[in-house]
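> Show me how the following folds:
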Amino acid sequence: MVDTIGIAAGKIWKFLSKNGPASNTKICNATGVSKNEVQRAIGWLAREEKIVIEQKGRTETISLK
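Model (predicted):
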């Protein structure tokens, strides 16, 4: 499971690096990573202080630091 989360975190980091801030839904659709895996990977990246999570209206936006 840890390997799967790490791989998903890598995909998300690469996506955000290339495309800039995005919502969870956009990340799921663009990377092909399931919603549950995206949530786990976002937690991983947040714990490593590699991302910023901001609330914009009703949408959470994730971006790289």
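> In this structure, where is pLDDT below threshold?
Nowhere does the chain drop to pLDDT under 70.
> For it, which segments count as helices?
Along the chain, the segments classed as helices by DSSP state H run 2-19, 24-31, 35-47.
> export those to TSV and tack on mean neighbour count and distance to Lys65?
The way it works is simple: take the backbone N, C-alpha and C, and place the C-beta from them, glycine included. Formatted as TSV, the helices of the chain follow (neighbours: other C-beta atoms under 10 Å; distance: least, C-beta to C-beta, whole Å):
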stretch	mean neighbour count	distance to Lys65
helix 2-19	15	10
helix 24-31	16	16
helix 35-47	17	10
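> among the ones you listed, which is nearest Ser63?
Evaluated over the helices of the chain, closeness to Ser63 peaks at helix 2-19, with 6.2 Å, by C-beta to C-beta.
> Report all helices and strands that the closest one contacts.
helix 24-31, helix 35-47, strand 59-64 (3 or more C-beta pairs under 8 Å, 6 or more residues apart in numbering; DSSP states H and E).
> Between those, which one is closest to Gly10.
helix 35-47 (8.3 Å).
> Run through the bridge partners of Glu54.
Thr61 (DSSP bridges).
> Can you name the residues that contact it?
By C-beta atoms under 8 Å, 6 or more residues apart in numbering, the contact set of Glu54 is 21, 60-61, 63.
> from these, which is closest to Gly6?
Ser63 (20.1 Å).
> what about that closest one, neighbour count?
Neighbouring residues of Ser63 were enumerated by other C-beta atoms under 10 Å; the total is 14.
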